[in-house]
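>>> Here is my input; please provide its structure:
(2 chains)
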Amino acid sequence: MERLDGQDELITRIADADPARGVAPLSDGALERVARTAMTPERTPWSWTKFRFATLGAGAASGVLVVAGILGLQAAVPSLPVLALGAPSSAGRLGATGENTPSASSGNEMMIPALRYDFTISPSLSPTTGPGTAYQLVSSESAQAAATQLATAFDLAGPVTSPSDGDFQVGSDAGPYVSTWTSGGVVNWSYVSAESTATSSPPTTSSSTPPASGSSLAGPLPTDAQASAQALALLASAGITTDLGTPAVDDSDPMQVAVTVPMVVDGQATDQSYSVDYGPDGTIGSASGILAGRVEGATYPTISASDAVSVLQERHGIVIDGGVQPVGAPVLPPAATTSPRTSSGSSAGNTGNTGNTGNTGTGTNPVTTLPVINVQIDQAAQQLGTFTLTDGTSWLLPVWVLSGPESGTTITSPATYSASVLAVDPQYVQIQAEPLVY
Amino acid sequence: MTDDREERFSRIVRDHGDAVYRYLRRRHNGADATDAEDLLADVMAVAWRKLDEIPDGAEAPWLFGVARHRLSNARRRGARRNRINATMRPSPPAQAAEDEAIADLQLRAALAHLTDKEREVLTLSAWEGLSPSELGIALGISVNAAAVRLSKAKSRLLELLSVDGMESPVRAATRTVQ
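Just a heads-up that it's a prediction; the model follows:
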């Protein structure tokens, strides 16, 4: 790539301040995952390391699918409701742009040239299974009413407006403002201060006007303890007082103190949390969270951590929808076609293929030519992850969070694989999604 | 044909994925590795869908243009719903990450007072190393317009850097936390 002519001192100075200077390059494995995810038809993007189950917001936004007849209501499992998970529909996804992007052709059996993951299980992982409780997230009020409630907590005055369909806001776009919206039946909220919006907005003063003296930048940041206490007090004023874990504080940024308050349900960690960022003088720069309670649902048998690794193996390391196999003849390589959802009634939830049986691939991409990434899963923790069911409700369901080091010829720098697998026994889970070809 | 598409796409990801990842890390507020990877996946999903529209030899600026658009919308919306993983998890404030991260506080203060367009053209030049022609592709403007914008942005930044007291608020804030 040609460099700009006249690499003058100014450009050099900016280059020297590159905030990504110390950022390690993406591993080959990460790039491969990016490629595969990008080529996967009609799935919301998902995270490998933070188990953000993408169906949650996108599923609600795109109109979740109704699983015909809840196919899994088999006689063998009459006592527990089957969890029908919704895959994103072809209506597009509501992603980073807020726009509905055109869909790839639905049902396109896309070849995914990729690498091959081989998983091994550390002997330290427990083979035991146990029960896991599902919790439904329920908002007792509308997003519009929540906007009013939160505006009070943030000391904002003014009418509730609706900048776009389903979004509600108190305050101006220039900030401060609080906005609310509903996703998966749950009210979400965020607060943005005027200073936060000003940072990315053109200045309203003349080009040569220096920043105003006496701005809030001059004040001290709160201590970690102060920030934690203030965050909890703020949440309490918004009516959020239950299921709060110990706040985590990040004060590495010299300009703000970031507080994250995790949602903890019955002692179990979840993927939900609240965040409040404080700037100088203890002013709130931004905050966000949900406004919902949880209702205890059924308790399901769960698979073991080693069975969860089997899911990884079966799904070739790509975990979408918690690793649940789609309804409707998913096209998998011969070595991985063992159905995880038989009517055997096995509470262990044996998900089939666990060995490195030599996936032969399909089409023009024989697996023997694919680079192999070896992962030894040596860490497993069960917690609760958020899913949206096809009926539009959001649930916290037991998941296994699995991680371990990657190795292989394509791994040029230390890398860690991480993914979450739904821990609910597969016989109680159904999902409708387009088949994938690996 | 399908294989050709896949081969080209894989090459694009391999050759430019890390550069786009860094672009996102520099600019996406609060971005950790996962955030940036997620955003990168979104950018690449667009690239896959519009592969035929990507000009040969100008893949990088084209990708930066897509990434820029994604970030711009995310900032405008200013909330976590706009993150690539639209979950209910909280997100950091909608502000430019480059403003948060760069070490030269005087420069930071000056950059913060540029317009988004001015800042973007400067950082694309300095951090991504784009030429004027590549800037034009990334910004969706002509080469001449890109060159002019870059020139004006540099002049404006120099002007801001020369203003007495430009950095004082930042320095004052820094002193308070040291």
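>>> alpha carbons only for contacts and neighbour counts from here, please
Fine.
>>> Report the residue ranges of every domain in chain B.
Using automatic domain parsing, the domains assigned to chain B come out as B:1-96, B:102-178.
>>> again with chain A
What automatic domain parsing lists as the domains of chain A is A:83-136+A:299-333+A:369-431, A:140-197+A:219-291.
>>> so, in contact with chain A or not, the lengthiest helix in chain B?
Longest helix in chain B by number of residues (criterion: DSSP state H): helix B:2-27. Yes: on the criterion C-alpha under 8 Å from any C-alpha of the partner chain, helix B:2-27 is in touch with chain A at B:6, B:9, B:10, B:13, B:14, B:17, B:18, B:21, B:22, B:25, B:26.
>>> what's near enough to touch the second one?
Read that as residue B:9. Contacts for residue B:9 (C-alpha atoms under 8 Å, 6 or more residues apart in numbering or on different chains) come out as A:35, B:47, B:48, B:51.
>>> can you pick the most crowded of those?
The most crowded member of the contacts of residue B:9, judged by other C-alpha atoms under 10 Å in any protein chain shown, is residue A:35 (27 neighbours).
>>> Tell me who's in contact with residue B:41.
Contacts of residue B:41 were listed using C-alpha under 8 Å, 6+ apart, and they are A:34, A:35, A:37, A:38, A:45.
>>> mind checking how far it is from residue B:49?
Applying C-alpha to C-alpha, to the nearest Å, the value for residue B:41 to residue B:49 is 12 Å.
>>> ok, back up a step: comparing the domains of chain A by mean pLDDT, which bottoms out?
Ranked by mean pLDDT, the domains of chain A bottom out at domain A:83-136+A:299-333+A:369-431, with a mean of 68.
>>> what's the burial count for residue B:53?
Here the number of neighbours of residue B:53 (other C-alpha under 10 Å) works out to 11.
>>> which regions of chain B lie under the pLDDT threshold?
The model of chain B has pLDDT under 70 over residues B:1-2, B:29-35, B:72-105, B:163-178.
>>> Please enumerate the helices of it.
Using DSSP H, helices in chain B cover B:2-27, B:33-49, B:59-77, B:97-101, B:105-112, B:116-126, B:132-139, B:143-162, B:168-177.
>>> Just the residues contacting stretch A:297-305, thanks.
A:80-81, A:125-136, A:347-350, A:380, A:398, A:400, A:402, A:423-425, A:428.
>>> and those, which are buried?
Buried residues within those, counting neighbours by 16 or more other C-alpha atoms under 10 Å in any protein chain shown: A:81, A:125, A:129, A:131-136, A:347-350, A:380, A:398, A:400, A:402, A:423-425, A:428.
>>> So which of these are in strands?
A:131, A:132, A:133, A:134, A:135, A:136, A:380, A:398, A:400, A:402 (DSSP state E).
>>> The last one and residue A:310, how far apart?
With the distance defined as C-alpha to C-alpha, residue A:402 ends up 11 Å from residue A:310.
>>> What of the fourth one?
Distance of residue A:134 to residue A:310, computed by C-alpha to C-alpha: 22 Å.
>>> next one: the third one
Distance, residue A:133 to residue A:310, by C-alpha to C-alpha: 22 Å.
>>> now swap in the first one and tell me
Distance from residue A:131 to residue A:310, counting by C-alpha to C-alpha: 19 Å.
>>> again with the second one
The span separating residue A:132 from residue A:310 equals 19 Å under the rule C-alpha to C-alpha.
>>> Residue B:24 now?
34 Å.
>>> So between the two, which is more surrounded?
residue B:24 (28 against 24).
>>> my read: that one touches residue B:39, true?
Yes: assessed by C-alpha atoms under 8 Å, residue B:24 is found in contact with residue B:39 at 7.3 Å.
>>> any shared contact partners between the two?
Joint contacts of residue B:24 and residue B:39 (C-alpha under 8 Å, 6+ apart) are residue B:67.
>>> Does stretch A:138-155 reach chain B?
No: judged by C-alpha under 8 Å from any C-alpha, stretch A:138-155 stays clear of chain B, getting no closer than 12.7 Å.
>>> still on that earlier bit, rebuild the contacts of residue B:9 as TSV, extending it with distance to residue A:270.
Converted to TSV, the contacts of residue B:9 look like this (distance: C-alpha to C-alpha, whole Å):
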residue	distance to residue A:270
A:35	29
B:47	33
B:48	33
B:51	38
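>>> Pick the one among the residues you listed closest to residue A:179.
Lowest distance from residue A:179 to the contacts of residue B:9 (C-alpha to C-alpha) belongs to residue B:47, with 31.4 Å.
>>> show me the residues around the closest one that make contact.
Contacts of residue B:47 by C-alpha under 8 Å, 6+ apart are B:9, B:54, B:63.
>>> which residue packs closest to the second one, ignoring adjacent ones?
Going back to what we said before, that points to residue B:54. Nearest residue to residue B:54, sequence neighbours excluded (C-alpha to C-alpha, 6 or more residues apart in numbering or on different chains): residue B:62, at 6.6 Å.
>>> surely that neighbour meets residue B:138?
Yes: under the criterion of C-alpha under 8 Å, residue B:62 makes contact with residue B:138 at 5.4 Å.
>>> measure the residue nearest to residue B:54 to chain A for me?
Distance of residue B:62 to chain A, given as C-alpha to the nearest C-alpha, to the nearest Å: 13 Å.
>>> what's the burial count for that residue?
For residue B:62, the count of nearby residues is 23 (other C-alpha under 10 Å).
>>> Next: residue A:385.
27.
>>> which residues does it bridge with?
Note on residue A:385: beta-bridge partners residue A:397, judged by DSSP bridges.
>>> so it touches residue A:398, yeah?
Yes: between residue A:385 and residue A:398 there is a contact under C-alpha under 8 Å: 6.3 Å.
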